[in-house]
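Q: Got a predicted model here, sequence first, then my questions.
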Amino acid sequence: MATATKWVIDPMHSEVQFKVKHLVISTVTGFFKSFEGSLETVDDSFEDAEIAFSLDIDSIDTNQGQRDGHLKSPDFFDAAQFPHITFKSTSFKGKGDDEYELKGDLTVKGITKPVTLEAEYGGSTDDFYGNTKAGFEVTGKINRKEFGLTWDGVTDAGSIVLGEDVKLLINVQFAKQK
């Protein structure tokens with residue numbers, strides 16, 4: 001019987017980035033600076049790994065303090081009432097060539113919906129200290145309005161201020177737990 005192997009995100013070598021259209025013509029990029037996650041495998045392969053992830057809304061950073069404050073407010077994430085965004089995988093299937101399809105339940109602002117993300121395995125190696133690390137790049141797109149992020153602004157000229165689609169770009173390095 002195989003024993004489960006647990007991997008934990010190394011936050012020093014990981015980043016969570018999102019992009020959203022602003023005024024339809026440009027893109028705003030932001031980061032979540034504080035997050036945690038784990039991956040549990042049954043054997044040497046990552047197939048069917050169980051993945052759990054949580055990020056801290058208060059750590060949002062779009063390089064503009066006033067905007068960050070607005071994003072934390074009830075207009076958007078309502079960080080006081082819903083301090084975390086969470087993800088729990090329901091399946092993790094290989095598609096060949098280090099590509100995986102990651103399905104799971106994403107919870108934002110108390111609303112949980114299934115999402116499908118793409119994951120690319122970057123490989124694994126041992127660091128200077130003999131710790132085994134594995135890297136993944138996870139990408140996907142969600143519609144913010146499906147998760148209760150319904151704030152809309154329209155300029156005087158009638159342009160929509162904020163796009164509905166949010167692109168996710170997550171680079172994570174997991175450390176194998178001994």
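A: Sure thing, it's come through. Only a predicted model underlies this, so the values are computations on that prediction, with no experimental measurement involved. Numbering: from 1, shown residues only.
Q: ok, now which ones touch residue 137?
A: 119-120, 122, 169-172 (Cβ atoms under 8 Å, 6 or more residues apart in numbering). Every residue, glycine included, has its C-beta placed from N, CA and C.
Q: Could you grab the helix/strand/coil label for it?
A: Assigned by DSSP: H, G, I helix; E, B strand; the rest coil, the conformation of residue 137 is strand.
Q: can you redo the contacts of residue 137 as TSV with secondary structure and neighbour count?
A: Below are the contacts of residue 137 laid out as TSV (DSSP: H, G, I helix; E, B strand; the rest coil; neighbours: other Cβ atoms under 10 Å):
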residue	secondary structure	neighbour count
119	strand	25
120	strand	15
122	strand	15
169	strand	15
170	strand	23
171	strand	16
172	strand	24
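Q: what bridges to the residue lying closest to residue 9 once chain neighbours are set aside?
A: In space, and not counting its chain neighbours, residue 9 is closest to residue 37: 4.3 Å by Cβ to Cβ, 6 or more residues apart in numbering. Judged by DSSP bridges, the bridge partners of residue 37 are residue 53.
Q: Could you count how many residues lie near residue 37?
A: When neighbours are defined as other Cβ atoms under 10 Å, residue 37 has 20 of them.
Q: Would you mind measuring from it to residue 6?
A: Per Cβ to Cβ, to the nearest Å, residue 37 is found 11 Å from residue 6.
Q: mind listing the strands for the protein?
A: 5-9, 15-22, 26-32, 35-41, 50-56, 60-61, 84-96, 99-108, 111-126, 132-143, 162-176 (DSSP state E).
Q: how big is the angle separating the fourth one from strand 15-22?
A: Taking axes from the mean of the first three to the mean of the last three Cα atoms, to 10 degrees, one finds that strand 35-41 is oriented at 120 degrees with respect to strand 15-22.
Q: How far does strand 35-41 sit from its chain's centre?
A: 12 Å (Cα atoms, centre = their mean, to the nearest Å).
Q: So which other helices or strands are in contact with that strand?
A: strand 5-9, strand 50-56, strand 162-176 (3 or more Cβ pairs under 8 Å, 6 or more residues apart in numbering; DSSP states H and E).
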